[in-house]
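*Asks:* compute the structure for the input listed below.
(2 chains)
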There are 2 protein chains.
Amino acid sequence: MYYIGIDLGGTNIAAGIVDEKGTVIRKDSIPTFREREYPEILKDMAMLALKLIEDEGLSLEDIKSIGIGSPGIADNKNGILIYANNLKFRNVPMREEIQKYIDLPVYIENDANCAALAESVAGAAKDAEHSITITLGTGVGSGVIINKRLYSGFNGAGAEIGHMTIIVDGKQCTCGRRGCWEVYASATALIEQAKEAAKSNPDSMINKLVEGDLSRLNAKIPFDAARQGDKTAETVVKRYIKYIGEGITNVINIFYPQVIVIGGGISKEGEYLLKPLRQYVYDNVYAKDVQQTDIRIAEMGNDAGIVGAAMLGR
Amino acid sequence: MYYIGIDLGGTNIAAGIVDEKGTVIRKDSIPTFREREYPEILKDMAMLALKLIEDEGLSLEDIKSIGIGSPGIADNKNGILIYANNLKFRNVPMREEIQKYIDLPVYIENDANCAALAESVAGAAKDAEHSITITLGTGVGSGVIINKRLYSGFNGAGAEIGHMTIIVDGKQCTCGRRGCWEVYASATALIEQAKEAAKSNPDSMINKLVEGDLSRLNAKIPFDAARQGDKTAETVVKRYIKYIGEGITNVINIFYPQVIVIGGGISKEGEYLLKPLRQYVYDNVYAKDVQQTDIRIAEMGNDAGIVGAAMLGR
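*Replies:* Residues are numbered from 1 along each chain as shown, chains lettered A, B, ... in the order given. I've put the predicted structure just below:
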């Protein structure tokens, strides 16, 4: 049997046919055109799924289910996407809409949860019963796997670890609260932190790497400058890793999973990020005399969304 | 069938015979004399269990298992208490020691986890699949119930939510980190906060209630003074509830359990605590358009430890 996974993004809709082991055997994508009304977007998603099945020479009988990974808060029990900010979706009956075109079970989940499921089934946390995937991107996404299954609370709205405050009354978060982990540990936050540091330190290599135009700053530049020994960048990166480490230490004290997987753009820094991060975390966890959580880089890359969504039906 | 639950504390060892429903049918207690070596303390625990069985007119065949709730970090898989600060215990083979005297299965767990299990089986969270019990006492204890079972990570050291930082680089915690929730939201923390406020506000009723001797301050006094309209105490209590609320909001964003149970001495303040706490939390949670977590006062009182420990074997 095969599974269809659909990764609904603000720019593109990616979909794939996935086997039992989490391997993508065919994939395709189309633009989202996110300003449209939801019935049109969901019709396109269904058509893309049907096209994949046909292109692969399969029939509906070969497919067990369709899974959708979406930004926002998903109510899988009722098949409804409650809220997705960057799609302007509110209480969208996704299951019902897809089933207008395809008579298969439809599962929906938050995209960060799908990424965590993908890492658990086929990626960096394959060997772990309990794992948590943290995605350091525009925000801080997270998915919690307990006993190899997604956990997101009784209403599907949990596992928003990026919205745990680490500094009460700290910086404003888009969620309305102040001091959320996301405001200090996302790629967006790193860019902000590097920008401020570059402004106060005109000699910093960061300014050279953006050719004097700080609007060109991305999350890779402070790491590049730090690797080359730029003191300002080293300070920025060290403090940023501390912020990541504070949140990861919290996650360990709370969950103690076997594995924490770090994904998102920042994870491309690999061991340069992980080595000091591990040290910070293991120095700070509550329980020192126990077997410790492994901290690893994500392995699923761009397919995480498709694979995780597909595996919802497994 | 019946279960024995033993609640090992720094001052007393309480034990009880508990039925399938979590009702204590007989209980007894003895002093811990915690300066002793562990084999002596564990022998006393076994003898207390045997005495209860005899007193109730039962035999070993009527008892399914023995559960022990202990401060510190428990490794239930191997039957070892890894660490307990206030008992000076380190890698104590509790299961083995008890089984020298009683041939029954022995389970061990952290005491805050036992309290959470007791509330889940027979207390305030009886109706919830997912619940979290937060104990506001000397520290901030916590236990996590997922699908009606205790969750404490792959090594048993998790669910230490009191050691989630809410203020990076904040006040020193006994765990070695800075800014843990416990440092702001425990009863100990409230006493500290009230003491400082009373010193800077000599007219505050707090000073009258302790008859000028701030070493007599307990966690009830600031609440008593606030109820009577003392402005200083009102400010202290409001800020303290904010600290509790920040942590509870984090817990909801992370877990979204159906029920959060508040236990410990502070929970005796009842609705005077819960009403503003609920308002703070529901104003701040990430997901506003979903069914919300219920916040309730613990119901199991002093029996929580015995019942939770007993239910480990169920």
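
*Asks:* list the helices and strands the top helix by length along chain A packs on?
*Replies:* Ranked by number of residues, the top helix in chain A under DSSP state H is helix A:231-255. For helix A:231-255, the packing partners by 3 or more CB pairs under 8 Å, 6 or more residues apart in numbering or on different chains; DSSP states H and E come out as strand A:131-136, helix A:182-185, helix A:187-200, helix A:205-209, helix A:220-227, strand A:259-263, helix A:271-284. Every residue, glycine included, has its C-beta placed from N, CA and C.

*Asks:* now the third one: mean pLDDT?
*Replies:* Summarised as a single mean, pLDDT over helix A:187-200 is 98.

*Asks:* ok so, going back, how about the helices and strands packed on helix A:231-255, which one is nearest B:Lys288?
*Replies:* For the helices and strands packed on helix A:231-255, the distance to B:Lys288 is smallest for helix A:182-185, at 17.0 Å, taking CB to CB.

*Asks:* which parts of the stretch 1-150 of chain A sit against chain B?
*Replies:* For the stretch 1-150 of chain A, the contact set with chain B under CB under 8 Å from any CB of the partner chain comprises A:Ile73, A:Asp75, A:Ile82, A:Tyr83, A:Arg90, A:Asn91, A:Ala128, A:Glu129, A:His130, A:Ile146.

*Asks:* so what's the closest residue in space to the fifth one that isn't next to it in sequence up against?
*Replies:* Spatially, and ignoring its direct neighbours in sequence, A:Arg90 is nearest to A:Tyr83 (5.9 Å; CB to CB, 6 or more residues apart in numbering or on different chains). In this structure, A:Tyr83 makes contact with A:Gly72, A:Ile73, A:Phe89, A:Arg90, A:Asn91, B:Ala287, B:Asp289, judged by CB atoms under 8 Å, 6 or more residues apart in numbering or on different chains.

*Asks:* can you count the residues close to the second one?
*Replies:* Think A:Ile73. Other residues within reach of A:Ile73, judged by other CB atoms under 10 Å in any protein chain shown, total 24.

*Asks:* next one: phi and psi at it?
*Replies:* Backbone torsions of A:Ile73, given as degrees, to the nearest 10, read phi -110, psi 120.

*Asks:* I'd like to know how far the residue lying closest to it once chain neighbours are set aside sits from A:Asp75.
*Replies:* Excluding its sequence neighbours, the residue lying closest to A:Ile73 (CB to CB, 6+ apart) is A:Ile82, at 4.4 Å. Note on A:Ile82: its distance to A:Asp75, by CB to CB, to the nearest Å, is 5 Å.

*Asks:* which neighbours do these two share?
*Replies:* By CB under 8 Å, 6+ apart, the residues touching both A:Ile82 and A:Asp75 are A:Gly156, B:Val290.

*Asks:* before we move on, the earlier item: so the residue nearest to A:Ile73 sits in a helix?
*Replies:* No. A:Ile82 sits outside any helix when classified using DSSP: H, G, I helix; E, B strand; the rest coil, being strand.

*Asks:* could you pull up the mean pLDDT of stretch A:146-163?
*Replies:* 95.

*Asks:* sorry, wrong one. I was asking about stretch A:122-135.
*Replies:* 98.

*Asks:* same question, stretch A:17-25
*Replies:* Stretch A:17-25 carries an average pLDDT of 97.

*Asks:* so which bits of that stretch are buried?
*Replies:* Of the residues in stretch A:17-25, A:Ile17, A:Val18, A:Gly22, A:Val24 count as buried by neighbour count, 16 or more other CB atoms under 10 Å in any protein chain shown.

*Asks:* what does stretch A:195-204 give?
*Replies:* A:Lys195, A:Ala197, A:Ala198, A:Asn201, A:Ser204.

*Asks:* tell me the pLDDT at the nearest residue in space to the last one that is not next to it in sequence?
*Replies:* Okay, so that is A:Ser204. Using CB to CB, 6+ apart and skipping residues adjacent in sequence, the residue nearest A:Ser204 is A:Thr232, 3.7 Å away. We have a pLDDT of 98 for A:Thr232.

*Asks:* what residues are up against A:Thr232?
*Replies:* Shown in contact with A:Thr232 (CB under 8 Å, 6+ apart): A:Ala197, A:Ala198, A:Asn201, A:Asp203, A:Ser204, A:Met205, A:Ile206, A:Ala225.

*Asks:* if you set the cut-off to 6 Å instead, what comes out?
*Replies:* By CB atoms under 6 Å, 6 or more residues apart in numbering or on different chains, the residues touching A:Thr232 are A:Ala197, A:Asn201, A:Ser204.

*Asks:* and the gap between it and chain B?
*Replies:* 21 Å (CB to the nearest CB, to the nearest Å).

*Asks:* what of A:Trp181?
*Replies:* For A:Trp181 relative to chain B (CB to the nearest CB), the value is 9 Å.

*Asks:* what sits against that residue?
*Replies:* Neighbours of A:Trp181 in contact, by CB under 6 Å, 6+ apart: A:Val140, A:Gly162, A:Met164, A:Ile166, A:Gly247.

*Asks:* the last one - how many residues pack around it?
*Replies:* A total of 26 residues lie near A:Gly247 under the criterion other CB under 10 Å.

*Asks:* now it: closest residue in space that isn't a chain neighbour?
*Replies:* Using CB to CB, 6+ apart, the nearest residue to A:Gly247 is A:Trp181, at 4.3 Å.

*Asks:* look at that neighbour and report its pLDDT.
*Replies:* If you check A:Trp181, the pLDDT there is 98.

*Asks:* and it, backbone torsions?
*Replies:* According to degrees, to the nearest 10, A:Trp181 has phi -50, psi -40.

*Asks:* OK, contacts around A:Gly170?
*Replies:* A:Arg178, A:Gly179.

*Asks:* picking that back up, report the angle between the longest helix of chain A and helix A:187-200.
*Replies:* If you take axes from the mean of the first three to the mean of the last three CA atoms, to 10 degrees, helix A:231-255 sits at 150 degrees to helix A:187-200.

*Asks:* so how far is helix A:231-255 off the chain centroid?
*Replies:* A distance of 18 Å separates the centroid of the chain from that of helix A:231-255, by CA atoms, centre = their mean, to the nearest Å.

*Asks:* could you check the angle strand A:259-263 makes with it?
*Replies:* 140 degrees.

*Asks:* coming back round to it: need the contacts of A:Trp181 in TSV with secondary structure, can you?
*Replies:* Formatted as TSV, the contacts of A:Trp181 follow (three-state DSSP):
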residue	secondary structure
A:Val140	strand
A:Gly162	helix
A:Met164	coil
A:Ile166	coil
A:Gly247	helix
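
*Asks:* out of those residues, which is nearest to A:Ile266?
*Replies:* A:Ile266 lies nearest to A:Val140 out of the contacts of A:Trp181, by CB to CB, at 9.8 Å.

*Asks:* correct me, but the closest one touches A:Ala185?
*Replies:* Yes. Counting by CB atoms under 6 Å, A:Val140 touches A:Ala185, with 5.4 Å between them.

*Asks:* who has more neighbours, the two?
*Replies:* Neighbour totals were compared for A:Val140 and A:Ala185, and A:Val140 leads with 29 against 26 (other CB under 10 Å).
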